[in-house]
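Novice: Just the structure for this:
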Amino acid sequence: MTAQQMLILAIVGGLAGGVLWSAFMACANALAARLTAWEEREARIGAARARAARVVEVGARSAGADLDNRTHGHG
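Specialist: Next comes the predicted model:
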């Protein structure tokens, strides 16, 4: 193999490597974006569950207070 052929091979190999690296980075960035969106979705679901638990807790306390008032002749 001549020096010119080796140089051409190195250039083509470098270009192919650059294309592969760019494709890899594009996939990595897309995956990172999907993970971020998933984490944000999970955070919203967690917050909604916490709000629902608080509503249930307040409702249970209120129902318990009503029941106490009824059973002890206050209501």
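Novice: Quick one: the helices in the protein, in order.
Specialist: 3-71 (DSSP state H).
Novice: In it, where is pLDDT below threshold?
Specialist: For the chain, applying pLDDT under 70 flags the ranges 64-75.
Novice: if we go to 50?
Specialist: 75 (pLDDT under 50).
Novice: Residue 27 and residue 61, how far apart?
Specialist: Counting by Cβ to Cβ, to the nearest Å, the gap from residue 27 to residue 61 is 51 Å. To be clear about C-beta, it is placed using only N, CA and C from the backbone, and glycine gets the same treatment.
Novice: same question but for residue 51, I mixed them up
Specialist: As judged by Cβ to Cβ, residue 51 and residue 61 stand 16 Å apart.
Novice: Likewise for residue 36?
Specialist: 38 Å.
Novice: Then residue 49?
Specialist: With distances taken as Cβ to Cβ, residue 49 is found 19 Å from residue 61.
Novice: With residue 10 instead?
Specialist: The gap separating residue 10 from residue 61 is 75 Å, by Cβ to Cβ.
Novice: One more: residue 50?
Specialist: Noted for residue 50: a distance of 17 Å to residue 61, by Cβ to Cβ.
Novice: got it, and residue 1?
Specialist: Separation of residue 1 from residue 61 (Cβ to Cβ) stands at 84 Å.
Novice: Between those two, point out the one with more neighbours.
Specialist: residue 61 (10 against 7; other Cβ atoms under 10 Å).
Novice: Now for the more buried one: which residues touch it?
Specialist: The contact partners of residue 61, by Cβ atoms under 8 Å, 6 or more residues apart in numbering, come to none.
Novice: Distance-wise, check residue 32 relative to residue 53.
Specialist: Distance from residue 32 to residue 53, by Cβ to Cβ: 31 Å.
Novice: Kindly report the same for residue 1.
Specialist: Distance, residue 1 to residue 53, by Cβ to Cβ: 71 Å.
Novice: now do residue 20
Specialist: According to Cβ to Cβ, residue 20 stands 49 Å off from residue 53.
Novice: Quick one: distance of stretch 15-25 to the chain centre.
Specialist: Centre-to-centre, stretch 15-25 and its host chain are 27 Å apart (Cα atoms, centre = their mean, to the nearest Å).
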